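Undergrad: With the sequence up front, the predicted model follows.
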Amino acid sequence: MSMAEQGRAGLRTPDIVKDDTDEALMMRIAKGDRIAARTLMGRCLPRVVGMANRMLNDAVEAEDIAQETFIRVWNASGRWEPGRAKVSTWIGRIAINLCYDRMRKRREVLTDTPPDRPDISADQEAELSRSQTAQKIRAALVNLPDRQKRALELVHFQEMSNIEAAEIMSVSVDALESLLSRGRRKLKALLVKDAGELMASYGQATSLNEGITS
């Protein structure tokens, strides 16, 4: 059974805890309560899998990340401190860090010269262009300082609000906006020769394009 299926099964299990807050569940998990752990997983699993899938573009790896995330939640539950961060934020932070670890491990060095390819249709050409554009932007993001890269990832690629992203990164909204501004300027410098063309063809990053080309 996949992680998502386990989560759905957990939601149907009659002995889940329906009314406890996430914080109350964490306190119970710290005491070894597996029912509370199943309940919290059912609540948080869809967001964790969705976020990991968007970051990694791989459903199988997203399932692996979700599984590892909840293993870490279980193992670290005794060290979680109420009031320091929302449970969902803490879990999101664990998942994002695991995604970045996975991305670093599988990162490929991109060459400037793409391989020869056969003739393809206009639709396929457009899709390939978008894919290559996304790849180039991701490659450029690698060269940004870690915090700038994470801010851009959360806001522009994970489509989180500034408030949500700031909470995940444990910074103020003003600090996040500063990171976004500096990240856009750095990305513009890296893509200065073809930034306009790249951003225009990358529909998924419209808001990021506005920041770079302004």
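TA: Yes, it's here.

Undergrad: List the residues that contact Ala92.
TA: Quick fix: residue 92 is Gly, not Ala. With contacts defined as CB atoms under 8 Å, 6 or more residues apart in numbering, the neighbours of Gly92 are Arg47, Val48, Met51, Ile168. Placement of C-beta: from N, CA and C, glycine included.

Undergrad: State the pLDDT value of it.
TA: Looking at Gly92, its pLDDT is 88.

Undergrad: what's the helix or strand for it?
TA: Taking DSSP states H and E as the definition, Gly92 sits inside helix 87-106.

Undergrad: for that helix, which positions count as buried?
TA: 87-96, 98-99, 102 (16 or more other CB atoms under 10 Å).

Undergrad: Dump those residues into JSON lines; add distance to Gly183 as well.
TA: As requested, the buried residues of helix 87-106 are exported to JSON lines (distance: CB to CB, whole Å):
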{"residue": "Val87", "distance to Gly183": "28"}
{"residue": "Ser88", "distance to Gly183": "25"}
{"residue": "Thr89", "distance to Gly183": "21"}
{"residue": "Trp90", "distance to Gly183": "24"}
{"residue": "Ile91", "distance to Gly183": "25"}
{"residue": "Gly92", "distance to Gly183": "20"}
{"residue": "Arg93", "distance to Gly183": "19"}
{"residue": "Ile94", "distance to Gly183": "23"}
{"residue": "Ala95", "distance to Gly183": "21"}
{"residue": "Ile96", "distance to Gly183": "16"}
{"residue": "Leu98", "distance to Gly183": "22"}
{"residue": "Cys99", "distance to Gly183": "18"}
{"residue": "Arg102", "distance to Gly183": "21"}
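
Undergrad: hmm, which helix or strand of the chain has the shakiest average pLDDT?
TA: Within the chain, no helix or strand scores below helix 3-12, which has a mean of 47 by mean pLDDT, DSSP states H and E.

Undergrad: Leu152 - how many residues pack around it?
TA: By the criterion of other CB atoms under 10 Å, Leu152 has 25 neighbours.

Undergrad: Look up the closest residue to Trp80, ignoring the ones flanking it.
TA: The shortest distance from Trp80 to any non-neighbouring residue, by CB to CB, 6 or more residues apart in numbering, is to Met26 (5.3 Å).
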